[in-house]
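J.: Next one to model:
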Amino acid sequence: MLETIREYALELLAASGEGEAAREAHATYFLDLAELAAPELRGPHYAAWQAQLLAEHDNLRAALSWLAEHGDHERFARLCVGLWRFWWSASFWQEGRQWLDRALGMLPEKESVEVILQTQLLLGAGWLWVGTSDFAGAEQLLNHSRILIDGAANPQHEADTYFALARAAYGQSNAVQAYEYMHAAFNAYRAVGDHYNAVETAEELGYLRYHLGDLTGARETGEEALALARALGHRRVAANALAQLGHLAMLRGEHALAEELLTEGLMVQRQVGDAHAISSGLNSLGELASQQGNYAQAETYWAEALELRQSIGDRRGASAMLLNLAGVAIAYGAHAQAAARCQEGLALARDLAYLQGIADGLFTAAMLSAATNRYAESAHLLGAAANLRETYQLIIWPEHEDAHIQLLDSIRVSLGEDGLAAALAIGAELTLEAALALTRVAVLQDGS
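T.: Numbering: from 1, shown residues only. So this is what the prediction gives:
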């Protein structure tokens, strides 16, 4: 109905002869709004500005379309530059990619003002490519941006680029490179006095320390980030730091503290409205419930997290949630349901070439095989997963280490020590495609 009224209003404007002037004024107004909002989206008032842009999203789309259709490449590019942080935060990654692709294609590489716009477009594109899990493409765009701006004194742009490069490196399972880029971003933000983004990178440094196995360092960094975020009123980072500290408390076996921190973090994440952060908080609460044997609660948390990740197009995150839900089904003895979830999660990881997800999926398939007494097959899958982790420097998530040990122990009881070693060695020799084929056989057998 609203769209019909909108179309009718445009027809009346066109008939009056004032349509062109009205559309020009409309585009100018929303370009001004986007450029006014852009710096605020990286500061303490980002939530209010994000909400305003979300309320005006259809008007912003109309302005973008009109500028593009009229070949006003410079103002179209400026509007895209003003909006990419909004698209990133609102998880409109695919839509943002399409607009930025169009802007990059329209903008000539000539005058200095256009070079500056191009570097800003490339930076925004890099962030949105990260959002859609195109990490190699994001890295290429971001490095192109760095080449174009070479020699120009723009430390803020440099900091933003390092931050995005860290995300791209992490997405390609290179946690060491991600940590180096994130540390460079932290130092660059601090040097320009951008304390709001400095504390955000500090919180992410804590997560990367966790990923690299430095749990003590992760806790220290998380506590520092939480204190700084609270002092700055940075609620989103405070919520993420609470979730990170809660997750670490869970790994230490401090379940009551973990639940307190994770619940508080999720409450703030819901208030902020960051769907990705909410799903991460739900994931950690699901892990905690699973560790305590409360599989019904874990399933509730993970099902909501899956729905959120699917809604924002986070296919990697959706893959992880499907594998978690497969683990719950195994605990229930619902092997057909577990097989379906495992197969769907692995398919996503395969499509994305998400190696960490594939390794996690191989482990889940190994659990399925062992649950139906196919212990040699389970060991083959574990051997393939171990080879994949060693080859690409992947990890066993700390919260899953006990489950790995328990699975190995159950296979050892059935096959004996020598039999386990031989079966693991066979799995380690499998190619990735052969391992994935074995996984498909495993889930089909369990789902039959």
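J.: Map the structural domains onto the sequence of the chain.
T.: The chain is divided into the following domains under automatic domain parsing: 25-34+47-193, 215-301, 335-448.
J.: could those go into JSON lines alongside mean pLDDT and mean neighbour count?
T.: Glycine gets a C-beta too; all of them are placed from N, C-alpha and C. Shown next, in JSON lines, are the domains of the chain (pLDDT from 0 to 100; neighbours: other C-beta atoms under 10 Å):
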{"stretch": "domain 25-34+47-193", "mean pLDDT": "89", "mean neighbour count": "19"}
{"stretch": "domain 215-301", "mean pLDDT": "93", "mean neighbour count": "20"}
{"stretch": "domain 335-448", "mean pLDDT": "91", "mean neighbour count": "19"}
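J.: Could you dump the ones you listed into TSV with distance to Leu325 added?
T.: As requested, those are exported to TSV (distance: least, C-beta to C-beta, whole Å):
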stretch	distance to Leu325
domain 25-34+47-193	20
domain 215-301	6
domain 335-448	5
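J.: So which of those is nearest Asn324?
T.: For those, proximity to Asn324 was assessed by C-beta to C-beta; domain 215-301 is nearest, at 6.3 Å.
J.: follow-up on the earlier one: the domains of the chain: which one's closest to Ala202?
T.: Among these, domain 215-301 sits nearest to Ala202 (C-beta to C-beta), with 4.4 Å.
J.: how long is that closest one end to end?
T.: End-to-end distance for domain 215-301, by C-alpha to C-alpha, to the nearest Å: 24 Å.
J.: CA atoms only for stretch 251-266 - export them in CSV, please.
T.: Extracted in CSV, the C-alpha atoms of stretch 251-266 (Å, rounded to 0.1, in the frame of the first residue of the first chain):
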residue,chain,number,x,y,z
LEU,A,251,36.5,-22.5,30.1
ARG,A,252,37.9,-22.2,33.6
GLY,A,253,34.9,-24.1,35.0
GLU,A,254,33.5,-21.0,36.8
HIS,A,255,29.9,-21.6,35.5
ALA,A,256,28.0,-19.3,37.9
LEU,A,257,30.3,-16.4,37.0
ALA,A,258,30.1,-17.3,33.3
GLU,A,259,26.3,-17.3,33.3
GLU,A,260,26.3,-13.9,35.1
LEU,A,261,28.6,-12.3,32.6
LEU,A,262,27.1,-13.9,29.5
THR,A,263,23.6,-13.0,30.6
GLU,A,264,24.5,-9.4,31.3
GLY,A,265,26.4,-9.2,28.0
LEU,A,266,23.4,-10.6,26.0
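J.: That stretch: how far from the chain's middle?
T.: In terms of C-alpha atoms, centre = their mean, to the nearest Å, the centre of stretch 251-266 is set 22 Å apart from its chain centre.
J.: one step back: any idea which of the domains of the chain gets closest to Glu200?
T.: Among the domains of the chain, domain 215-301 comes nearest to Glu200, with 5.1 Å by C-beta to C-beta.
J.: Distance from the closest one to the middle of the chain?
T.: The answer for domain 215-301 is 16 Å, by C-alpha atoms, centre = their mean.
J.: what does stretch 345-363 give?
T.: That offset, for stretch 345-363, works out to 15 Å (C-alpha atoms, centre = their mean).
J.: And the top helix by length along the chain, what does it pack against?
T.: Longest helix in the chain by number of residues (criterion: DSSP state H): helix 401-428. Using 3 or more C-beta pairs under 8 Å, 6 or more residues apart in numbering; DSSP states H and E as the contact test, the elements touching helix 401-428 are helix 355-371, helix 375-392.
J.: before we move on, the earlier item: show me the one of the domains of the chain that comes nearest Ala318.
T.: Evaluated over those, closeness to Ala318 peaks at domain 335-448, with 6.0 Å, by C-beta to C-beta.
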